[in-house]
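> Provided below are the primary sequence and the corresponding predicted coordinates.
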Amino acid sequence: MNKAELVEKVAKQTGLTKRASREAVDAITSAIVDSLSSGDKVTLVGFGSFKVMTRKSRRGRNPQTGEEIQIPAKSVPKFEPGKNLREKVL
């Protein structure tokens, strides 16, 4: 499912227009991104949690040359599905 299909599904389930549904989807994703970028965890009970994890720096190899390189530490978003979501998917 892509964003347009999600907007259409939200519009059908809520009775909102597609424009209002798109604004709602955009507002939700924007709120999640803003919270994660400020270091907060976002928990949607029954769905899951979004949080920021820090990956340690590590050594790797350049696949073209085989040269060993240092891969720097970085922060990445992580999603952990909630119990209800795990049960529905299995």
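Nice, I can see it. Numbering: from 1, shown residues only.
> Which parts of the protein are helices?
Taking DSSP state H as the test, the helices found in the chain are 3-14, 18-37, 83-89.
> Can you lay out those as JSON lines showing distance to Gly48 and mean neighbour count?
In short, each C-beta sits where N, CA and C put it, glycine included. Conversion of these to JSON lines gives the following (distance: least, Cβ to Cβ, whole Å; neighbours: other Cβ atoms under 10 Å):
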{"stretch": "helix 3-14", "distance to Gly48": "16", "mean neighbour count": "13"}
{"stretch": "helix 18-37", "distance to Gly48": "11", "mean neighbour count": "14"}
{"stretch": "helix 83-89", "distance to Gly48": "6", "mean neighbour count": "11"}
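> Which stretch among those helices approaches Asn62 most closely?
Distance to Asn62, taken as Cβ to Cβ, is lowest for helix 18-37 among these, at 30.3 Å.
> for the residue of the chain positioned farthest from its centre, phi and psi?
Distance to the chain centre peaks in the chain at Thr65, reaching 33.4 Å (criterion: Cα atoms, centre = their mean). Main-chain dihedrals, Thr65, degrees, to the nearest 10: phi -110, psi -20.
> and the gap between it and Glu87?
Relative to Glu87, Thr65 is positioned 47 Å away (Cβ to Cβ, to the nearest Å).
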